[in-house]
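Participant: Requesting a structural model of the entry that follows:
(chains A and B)
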Protein chains: 2
Amino acid sequence: MHLPDSPQRQPFYLDCDTGIDDAMAIAYLLASDRVDLLGIGTVSGNISAEMGARNTLALLELAGRSDIPVAIGEHDFLATPFAGGAIHVHGENGIGGVVLAEPARTPASESAPEMIVRLARQHPGELHILAIGPLTNLAKALLLHPGLATLVKEVTIMGGAALVPGNITAVAEANIHNDPDAAAAVFAASWFITMVPLDATMQSLIEAVDRDRLVASPRPVAQAIGAMLDTYFDFYVQFFGRRTSVLHDPLAAAVAVGDLGLGTSPVVQVQVDTSHGPGRGQTICDLRWRFLGHPEQAGAHIRVVLAVETDFTPLMVDAILSL
Amino acid sequence: MHLPDSPQRQPFYLDCDTGIDDAMAIAYLLASDRVDLLGIGTVSGNISAEMGARNTLALLELAGRSDIPVAIGEHDFLATPFAGGAIHVHGENGIGGVVLAEPARTPASESAPEMIVRLARQHPGELHILAIGPLTNLAKALLLHPGLATLVKEVTIMGGAALVPGNITAVAEANIHNDPDAAAAVFAASWFITMVPLDATMQSLIEAVDRDRLVASPRPVAQAIGAMLDTYFDFYVQFFGRRTSVLHDPLAAAVAVGDLGLGTSPVVQVQVDTSHGPGRGQTICDLRWRFLGHPEQAGAHIRVVLAVETDFTPLMVDAILSL
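Facilitator: Next up, the predicted model:
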């Protein structure tokens, strides 16, 4: 049911917790002619996995893309129960209070971890996984199929913080902090990971003028996302002193697609702090050799994107407007 | 026995683990006409507290400053025994293998923590404490005299890492990592602390040309420190790819004296990771409001020097050459 293969389109699975910036990432992927989005799984994070699936189905319908299956994933994290999410950031319904039509479709009968394993088996060596929520589904998928990591082409993750502060604690970013144990398992698997941490995602801001362009569009996805941004702006004003917001998830999507020029992005050892100390959920990236240009570290398989060089916001706004 | 008071000279206590860069810090303080160095205590770190005291006495004698008492402090850390120090950085004797004349004096009969308490009582509200080793002596002094923090004017610490990698682990700096429990106690006390972390100290480098100037000097302290630098350069070449070294301790000394223009230096919450996870010894600085210029955080009493604006190396070389 998905779009016909073309040499440019690469098979993608998206794992998300939709979420305002998740909605933007979905829109970005839908707009790309380099992406064949084979399935979306949801996980609790910004909101519950179930509500995330509902939001995702509604958004896909709004975009006329009811061909893409949506699977509900893990409600609870590996070691802790889901505790209600980030309503203060994303609103009660996860998408800034914007009311989308109740989706006609229901979620897939398979779970998100099952979907990951199925897609990886159907596209051995070709599947891109983009994970923009907590990594619980990916960790569960690794348990379901221990050979999974070798079947997947690469994994791109929005999460963590290397040399900038966290956004949940002084050192931990929300996706990783929600389920550090899952993150540790995912980072320990043998697949190649591109980690897009706050270092990169806090560099791209979407401003009120961009929001106004989206809201003024005649297209329903752009209108909806523009309206969601009001809630996002309400939250971010405390950090930036004006109505603006960061673009965590869509930036990671653009990195995964290969649309952005990357700045310093060393492949280094990354350890997730799974202790119960004040560093819990931190992504400890070994950047001690930065003055030497980050020479190869034995066994390292995680690329840490510390900066992007492309001005991403216009790309993203244009992508959403094109839907 | 110390130098006569003058309006410009401020009473200082130095806590150190001498150490090549400690030797530079001592020289810097001795050269300053704004410092009245009332006493020096040693702690294990780069080398044992005992060897540090011997090095300190020898260096003071070389500088003709046998008036300054030197007290041996804690050999072991609060929770762990001293494990031999950083011979690979500072050499077997802690001062790069440079052989100084056996000091004629012996250490003071009081311990370093006792010296801290005595000096704070003798100079209530006036004493500057500069700590450039592990914080074990300061933690012990707080135990000896619970009112100590209110007697001291301010504490300056070389230690920690805020937004740059550590130098012992990916996130921990050596002084704090050696005794995180002591650091946590010192940071929790009510005194005002200026923390000079790797963010600031990795910015100032001393080059081979500076080393040559020191070695070529007719003055014994400059000659000795110049010769020590060879060992320091041997270590730092792996991080910088050339013979150079950083100036951790003397930079902190210059900050304590007030000789440097400070760059971004917010007063923020700082938590030491005393867990036994991978973040042990990290100084977790809450810099999440950086886009708003680090607004006041209730109860915060630690200034984190993220950058200095003065070109420090020439100041330091000139200071050492003047002795």
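Participant: what's the distance between A:P197 and chain B?
Facilitator: 13 Å (CB to the nearest CB, to the nearest Å). (C-beta placed from N, C-alpha, C; glycine too.)
Participant: so who does the residue lying closest to that residue once chain neighbours are set aside touch?
Facilitator: Distances taken as CB to CB, 6 or more residues apart in numbering or on different chains place A:G160 nearest to A:P197, at 4.1 Å, with adjacent residues excluded. Applying CB atoms under 8 Å, 6 or more residues apart in numbering or on different chains, we find A:G160 in contact with A:E173, A:N175, A:I176, A:A183, A:M195, A:P197, A:L198, A:V270, A:Q282, A:T283, A:C285, A:V304.
Participant: swap in A:G125?
Facilitator: Here A:G125 is in contact with A:L151, A:K153 (criterion: CB under 8 Å, 6+ apart).
Participant: Equivalent analysis for A:A256, please.
Facilitator: Going by CB under 8 Å, 6+ apart, A:A256 touches A:F12, A:H128, A:L130, A:T156, A:T194.
Participant: A:F312 reaches A:L247, doesn't it?
Facilitator: Yes. A:F312 is within contact range of A:L247, at 6.6 Å (criterion: CB atoms under 8 Å).
Participant: returning to that earlier point: could the contacts of A:A256 be laid out in TSV, adding distance to A:R105, pLDDT and secondary structure?
Facilitator: TSV is the format used below for those (distance: CB to CB, whole Å; pLDDT from 0 to 100; DSSP: H, G, I helix; E, B strand; the rest coil):
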residue	distance to A:R105	pLDDT	secondary structure
A:F12	19	98	strand
A:H128	24	98	strand
A:L130	21	98	strand
A:T156	26	98	strand
A:T194	31	98	strand
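Participant: Just send these back as JSON lines, with neighbour count and distance to chain B too.
Facilitator: Below are those laid out as JSON lines (neighbours: other CB atoms under 10 Å in any protein chain shown; distance: CB to the nearest CB, whole Å):
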{"residue": "A:F12", "neighbour count": "25", "distance to chain B": "31"}
{"residue": "A:H128", "neighbour count": "23", "distance to chain B": "28"}
{"residue": "A:L130", "neighbour count": "27", "distance to chain B": "26"}
{"residue": "A:T156", "neighbour count": "25", "distance to chain B": "22"}
{"residue": "A:T194", "neighbour count": "20", "distance to chain B": "19"}
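Participant: Tell me the residues on chain A that lie near chain B, please.
Facilitator: Contacts of chain A with chain B, taken as CB under 8 Å from any CB of the partner chain, map to A:163-167, A:169-171, A:239-241, A:269, A:271, A:273-280, A:282, A:284-292.
Participant: 7 Å instead?
Facilitator: A:163-165, A:167, A:170-171, A:239-241, A:271, A:273, A:275, A:277-279, A:282, A:284-292 (CB under 7 Å from any CB of the partner chain).
Participant: Any of those buried? List them.
Facilitator: Neighbour-count burial (16 or more other CB atoms under 10 Å in any protein chain shown) applied to those gives A:163-165, A:167, A:170-171, A:239-240, A:271, A:273, A:275, A:277-279, A:282, A:284-290.
Participant: Those in strands, which ones?
Facilitator: Within those, residues falling in strands by DSSP state E are A:Q271, A:I284, A:C285.
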